[in-house]
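what's the 3D shape of this:
(2 chains)
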Number of protein chains: 2
Amino acid sequence: MYKAFGQEDLQAQVDFLEWVEVRGINGGLYYLSVQTMSIAIVMIDICGYSRLIDRDALGTARRVLQLRHQILEPFARAHRGTVVDSSGDNTMLAFHRADDALGCAFAVQQVHDHSDRAMAARDLLQLHIGISAGQVLLIDGSFYGRPVNIAARLAALTEPNAIYLCEATLDQIDPHIVMQAESLGEQLLRNMEPVQAYRLTGTWASRAVASRMICRD
Amino acid sequence: MYKAFGQEDLQAQVDFLEWVEVRGINGGLYYLSVQTMSIAIVMIDICGYSRLIDRDALGTARRVLQLRHQILEPFARAHRGTVVDSSGDNTMLAFHRADDALGCAFAVQQVHDHSDRAMAARDLLQLHIGISAGQVLLIDGSFYGRPVNIAARLAALTEPNAIYLCEATLDQIDPHIVMQAESLGEQLLRNMEPVQAYRLTGTWASRAVASRMICRD
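Here you go, the predicted structure:
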């Protein structure tokens, strides 16, 4: 994970907080560094994953692997992010900038939608995507903090092929980005303080691209 | 994961099924071997994890790390199993034998309960544990299959500090084990066929130990 972000980038955005003391198996102590980091998290679930596995475990596993290797990993990298965690149908991506997180999520839903168009309806692999940005703790290669849980809960709320994001993410989007988001009002998330949520709609483009498109008319 | 199970053990219990073709980022193909394996899965969640993180992210992260390093990893190893995956509050353990999976889960709940007895009620780290056994696919270091999803869903159903298991797990328990389990009837699990579930109650001991205990009276 460290490597994917690039060394200089990391220096600028990660702050050392303290050491956590952990008692090992033999009673000896060792120390893990706690770092704080401001990131944007994209959480991706596969709709009806358990049903798909029940029906055809091997076929579903193959499609999950294709999704990861052909779409999620290269798209995350192309948007200056990284795959932090994959387990079962769940993939967690991390980005330094909310812009990149949204751009990546949007591209994933679009391309994925297109590549699946030719398949039978019952085989469609549809995605739930939740995005959240904010301060997290990085300890022993894992992220801890409210933004991680918000992204997971938002992904669980979405309808198939939708992208939900929290207000904190929206506030961090570069004003040069042309995007549309629809307010979903305050959402009650299990075991958490409620959050203002938004659904990403319509197009996603940097203003430079958008104005060029207008010039052509 | 391979290493933790031991090489000879693995040879006996893993069957090669086929290769999965995955197209890489540059369009090149590579191949992942698909293996089938009969395992017992123990899925462990922390009760109210999001609420705990909301309240105190660093304190909660520290307690999660302690739980993993001091209890889950050594206990899994002591019961001839291994930690397959850890993300957020979720830890997945895998065992070759259902006996070992149950023995480990029981030990984790007991010890964990004891070590937390001295702490304030609001700081109690309580666990949800779901167990399922059966045939899974092992591809690229990850498990796919119905037993994985059943264990996760059962963990989500449990009350704090409880252990739920499915019927397939119960059927695999060595008759020399002294244990009590209470039927919960048919449970409807989201996106899945219903399963017969059981709650582990009372003690857990091999009959050899139990009869020795009786002899002392």
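
so how far is residue A:80 from the residue nearest to the spatial centre of chain A?
Nearest to the mean C-alpha position of chain A, by Cα atoms, centre = their mean, lies residue A:42 at 0.8 Å. According to Cβ to Cβ, to the nearest Å, residue A:42 stands 12 Å off from residue A:80. C-beta coordinates here come from the backbone N, C-alpha and C atoms, glycine included.

shared neighbours, those two?
Each of residue A:95 lies in contact with both residue A:42 and residue A:80 under the rule Cβ atoms under 8 Å, 6 or more residues apart in numbering or on different chains.

quick check, pLDDT for residue A:71.
With respect to pLDDT, residue A:71 scores 89.

ok, it to residue B:173 distance?
42 Å.

circling back to that earlier point, what bridges to the residue nearest to the centre of chain A?
residue A:93, residue A:131 (DSSP bridges).

and it, what does it touch?
By Cβ under 8 Å, 6+ apart, the residues touching residue A:42 are A:76, A:81, A:92-95, A:101, A:104-105, A:129-131, A:151.

how about 10 Å then?
A:72, A:75-76, A:79, A:81, A:83-84, A:91-95, A:100-102, A:104-105, A:108, A:129-133, A:151, A:155, A:163, A:165, A:169 (Cβ atoms under 10 Å, 6 or more residues apart in numbering or on different chains).

apart from its neighbours in sequence, what residue is nearest residue A:144?
Leaving aside its sequence neighbours, residue A:144 sits nearest to residue B:61 (Cβ to Cβ, 6 or more residues apart in numbering or on different chains; 4.0 Å).

counting contacts, what elements does the host helix or strand of the one you found pack onto?
According to DSSP states H and E, residue B:61 maps onto helix B:57-66. Contacting helix B:57-66 under the criterion 3 or more Cβ pairs under 10 Å, 6 or more residues apart in numbering or on different chains; DSSP states H and E are the following elements: strand A:14-23, strand A:29-46, strand A:127-139, strand A:142-144, helix A:146-157, strand B:29-46, helix B:49-55.

of those, which is nearest residue A:53?
strand A:29-46 (9.6 Å; Cβ to Cβ).

that older thread, let's test this: mean pLDDT of the helix holding residue B:61, rounded?
Taken as a whole, helix B:57-66 has a mean pLDDT of 91.

do stretch A:40-52 as well
Summarised as a single mean, pLDDT over stretch A:40-52 is 96.

cool, stretch A:90-102 as well?
Stretch A:90-102 comes out at a mean pLDDT of 95.

now do the buried residues in it.
Neighbour-count burial for stretch A:90-102 flags A:90-102 (criterion: 16 or more other Cβ atoms under 10 Å in any protein chain shown).

count the neighbours of residue A:105 for me.
Neighbours of residue A:105 under the rule other Cβ atoms under 10 Å in any protein chain shown: 28.

that one against residue A:154, yeah?
No: judged on Cβ atoms under 10 Å, residue A:105 makes no contact with residue A:154 at a distance of 11.2 Å.

and for those two, which residues touch both?
A:43, A:129, A:130, A:131, A:163, A:164, A:165.

which member of the residues you listed is positioned nearest chain B?
residue A:43 (10.4 Å; Cβ to the nearest Cβ).

quick one on the thing from earlier: show me how far the helix holding residue B:61 is from its chain's centre.
Counting by Cα atoms, centre = their mean, to the nearest Å, helix B:57-66 is centred 21 Å from the centre of its parent chain.

secondary structure class for residue A:178?
strand (DSSP: H, G, I helix; E, B strand; the rest coil).

beta partners of it?
Here residue A:178, judged by DSSP bridges, has bridge partners residue A:205.

tell me who's in contact with the residue nearest to residue A:57 when sequence neighbours are not counted.
Nearest residue to residue A:57 in three dimensions, chain neighbours excluded: residue B:145, at 4.9 Å (Cβ to Cβ, 6+ apart). Contacts here follow Cβ under 10 Å, 6+ apart; on that basis residue B:145 touches A:53-54, A:57-58, A:60-61, B:36-37, B:39, B:41, B:132, B:134-138.

switch the cut-off to 6 Å
With contact set as Cβ atoms under 6 Å, 6 or more residues apart in numbering or on different chains, residue B:145 has these partners: A:57, B:136, B:137.

format those as CSV; extra columns: neighbour count and distance to residue B:17.
Shown next, in CSV, are the contacts of residue B:145 (neighbours: other Cβ atoms under 10 Å in any protein chain shown; distance: Cβ to Cβ, whole Å):
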residue, neighbour count, distance to residue B:17
A:57, 21, 11
B:136, 24, 11
B:137, 21, 7
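
how far does stretch A:127-137 sit from its chain's centre?
With Cα atoms, centre = their mean, you get 5 Å for stretch A:127-137.

does stretch A:188-200 reach chain B?
Yes: contact of stretch A:188-200 with chain B (Cβ under 6 Å from any Cβ of the partner chain) involves A:191, A:192.

now do that stretch: everything it contacts.
Looking at what lies outside stretch A:188-200 - Cβ under 6 Å, 6+ apart - the contacts are A:150, A:153, A:162-167, A:170, A:181-184, A:186-187, B:48, B:50-51, B:54.

buried ones among the residues you listed?
With burial judged by 16+ other Cβ under 10 Å, the buried subset of these is A:150, A:153, A:162-167, A:170, A:181, A:184, A:187, B:48, B:50, B:54.

could you look up the SS state of residue A:70?
Residue A:70 - assigned by three-state DSSP - is helix.

now do it against residue B:98, distance only.
37 Å.

mind checking pLDDT for residue A:15?
Looking at residue A:15, its pLDDT stands at 79.

please read the previous query as pertaining to residue A:116.
At residue A:116, pLDDT is 54.

does the residue nearest to residue A:144 touch residue A:146 like I think?
No: under the criterion of Cβ atoms under 6 Å, residue B:61 is not in contact with residue A:146, lying 11.9 Å apart.
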